[in-house]
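S.K.: fold the following, please.
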Amino acid sequence: MQDDVLLVVRNYEESVNNPNSTLWLSIWDLQYDDLTILENDKPHTLGRKYVEHIAEWMKTARPQKRQTWHTNCVFMLRPDLAYVVCLRTEHNMPEEQRESRISLLVRRSGSGWKIIHCHFSFVPK
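M.R.: This next block holds a predicted model:
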């Protein structure tokens with residue numbers, strides 16, 4: 001089960017580095033009304049429209065090593081709910097390479113494991 005959850009993390013990284021809107025959309029539970037995203041540099045909570053905005057960007061984006069996810073830990077809260085803690089190195093930050101701490105809630109539904117909540121925060125310098 002944890003391997004299936006970690007596949008969501010790998011697919012996130014893969015879909016951003018080698019832009020693939022189909023793969024990107026497949027990791028999000030877009031039917032979940034309370035889907036929330038808290039990003040490093042965004043002052044407000046994001047959701048489905050942000051995921052769809054990124055999918056549109058991916059249609060014209062070129063492959064580039066934008067991020068590497070590592071130190072991924074999965075904690076099973078229930079058979080259908082997992083809490084994932086990760087670090088992400090961002091390779092295309094304007095000033096320098098930066099690391100972010102990430103926490104995800106990933107839920108299993110009939111169509112597999114999907115993200116329902118994520119929080120990204122820069123590791124302080």
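S.K.: and the gap between residue 20 and residue 123?
M.R.: 27 Å (C-beta to C-beta, to the nearest Å). C-beta: built from backbone N, CA, C; applies to glycine.
S.K.: more neighbours, the two?
M.R.: A side-by-side neighbour count of residue 20 and residue 123, using other C-beta atoms under 10 Å, places residue 20 first with 18 against 11.
S.K.: who touches that one in this structure?
M.R.: 14, 58 (C-beta atoms under 8 Å, 6 or more residues apart in numbering).
S.K.: count of residues packed around the spatially closest residue to residue 59 that is not a sequence neighbour?
M.R.: With C-beta to C-beta, 6 or more residues apart in numbering as the criterion, residue 59 has its nearest non-adjacent residue at 5.7 Å, and that residue is residue 21. The local packing of residue 21 (other C-beta under 10 Å) involves 16 other residues.
S.K.: also residue 3?
M.R.: Residues near residue 3, counting by other C-beta under 10 Å, number 8.
S.K.: same check, this time on residue 53
M.R.: 11.
S.K.: can you check residue 16 too?
M.R.: Neighbours of residue 16 (other C-beta under 10 Å): 24.
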